[in-house]
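1. can't give you the sequence, but here's the structure:
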């Protein structure tokens, strides 16, 4: 803004506060504007009110749905932990299983968690396509659980004979909020998958990351050994 325009703006502002007549004129203009546009303002106010009501109503509904899903989830998790996977998936006739919870409450936090459990069960049952589908549909704020879901997808892809795709998911698991406790484990899986696919460069890179970034991990010594072996192979 130029100095001239700034001074004019300041002058206008001062006139309004220093002159009662100018202030009255400004109020009259504002009132006239509101009168001319009162229909539009009323419509806008009503629209905003509807949006707010819808938002709070939806939030309340989702909270209630999540509470119901949590109650159903308790029984399914109990069966899962006791390795009664069919009951965990399909329910026992009195309590819903993970599949029904996903169907009825899929958009809730509990419904989302049910997708993870269902994917884990399918993996244990050797139903790899179903496991992949459920894990891909799962999304978690908990980075450890999210990383684990990526690794399960990698495991399923490896079982399906797709080591290159499996390696990419292991890498994804390792790099999802990378940490010393789990990233080396997933990087080792990635290295094994890369080597299985014939990608020595990818395997070397994964082992090298363990050696350079996770020296204190239990995978460190094995990674050093495998890195030396693969470097020797690559140099032939």
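-> Sure, I can see it. As the structure is a prediction and not an experimental result, all values here were calculated from the model. Residues are numbered from 1 along each chain as shown.
2. domains in the chain, as residue ranges please.
-> As recorded under automatic domain parsing, the domains making up the chain are 43-139, 142-236.
3. these: lowest mean pLDDT?
-> Per-stretch mean pLDDT for these is lowest at domain 43-139 (a mean of 82).
4. list the contacts of residue 118.
-> 89, 98-99, 102, 130, 134 (Cβ atoms under 8 Å, 6 or more residues apart in numbering). Backbone N, C-alpha and C define where each C-beta goes, glycine included.
5. same list (the residues you listed) but as TSV, adding distance to residue 209, neighbour count and secondary structure.
-> Converted to TSV, the contacts of residue 118 look like this (distance: Cβ to Cβ, whole Å; neighbours: other Cβ atoms under 10 Å; DSSP: H, G, I helix; E, B strand; the rest coil):
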residue	distance to residue 209	neighbour count	secondary structure
89	37	21	helix
98	35	29	helix
99	38	18	helix
102	36	25	helix
130	32	16	helix
134	29	26	helix
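6. ranges for the helices of this protein?
-> 3-18, 20-36, 38-81, 85-90, 98-105, 109-124, 128-137, 143-159, 163-175, 183-196, 200-213, 220-234 (DSSP state H).
7. deepest of the domains of the chain, which one?
-> Highest mean neighbour count of these: domain 142-236, a mean of 19 (counted as mean count of other Cβ atoms under 10 Å).
8. and that one, how far out from the chain's middle?
-> 22 Å (Cα atoms, centre = their mean, to the nearest Å).
9. and what of stretch 137-155?
-> 9 Å.
10. what sits against residue 145?
-> With Cβ under 8 Å, 6+ apart, residue 145 has these contacts: residue 116.
11. please enumerate residues in contact with stretch 207-224?
-> With contact meaning Cβ under 8 Å, 6+ apart, stretch 207-224 is reached by 174, 178, 180, 183-185, 187-188, 191, 226-227, 230.
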